[in-house]
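> starting from these lines, generate the structure:
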Amino acid sequence: MSIFEALMLICFGAAWPFSIYKSYTSKTNKGKSIIFLYVVFIGYISGCIHKALYNYDAVIFLYALNGLMVFIDILIYYRNKRQYQIEVI
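This is a model prediction of the structure:
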């Protein structure tokens, strides 16, 4: 296990709870990019696959946790988008 890889994932992962909270409470997608969220999500999934196939260690759980948080943010993005469309009508 690389301590630097784990530290990178911990640092990146520390930002997602704040992003999720802001998206959930603001009920708006202002400042969000769904393309960015999907790119990051694919990156975390790729990290999980690499760890599972070539270098399995405990860091896979950090990739999975971060991927889960990004997935939650994606779901909230679509909830906010749907809610905005309902309010406009």
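> ranges for the helices of the protein?
Using DSSP state H, the helices found in the chain span residues 3-26, 34-53, 59-88.
> any idea of the angle the last one forms with helix 34-53?
It stands for helix 59-88. With axes from the mean of the first three to the mean of the last three CA atoms, to 10 degrees as the basis, helix 59-88 and helix 34-53 are set at 160 degrees to each other.
> elements contacting helix 59-88?
Counting contacts by 3 or more CB pairs under 8 Å, 6 or more residues apart in numbering; DSSP states H and E, helix 59-88 packs against helix 3-26, helix 34-53. The C-beta positions use only the backbone N, C-alpha and C, and glycine is treated the same way.
> end to end on stretch 50-60, go ahead and measure it.
9 Å (CA to CA, to the nearest Å).
> which other residues reach that stretch?
By CB atoms under 8 Å, 6 or more residues apart in numbering, the list of residues contacting stretch 50-60 from outside reads M1, S2, E5, A6, L9, G47, C48, Y63.
> tell me the contacts of the fifth one?
In other words, L9. Under the criterion of CB under 8 Å, 6+ apart, the contact list for L9 reads V59, L62, Y63, N66.
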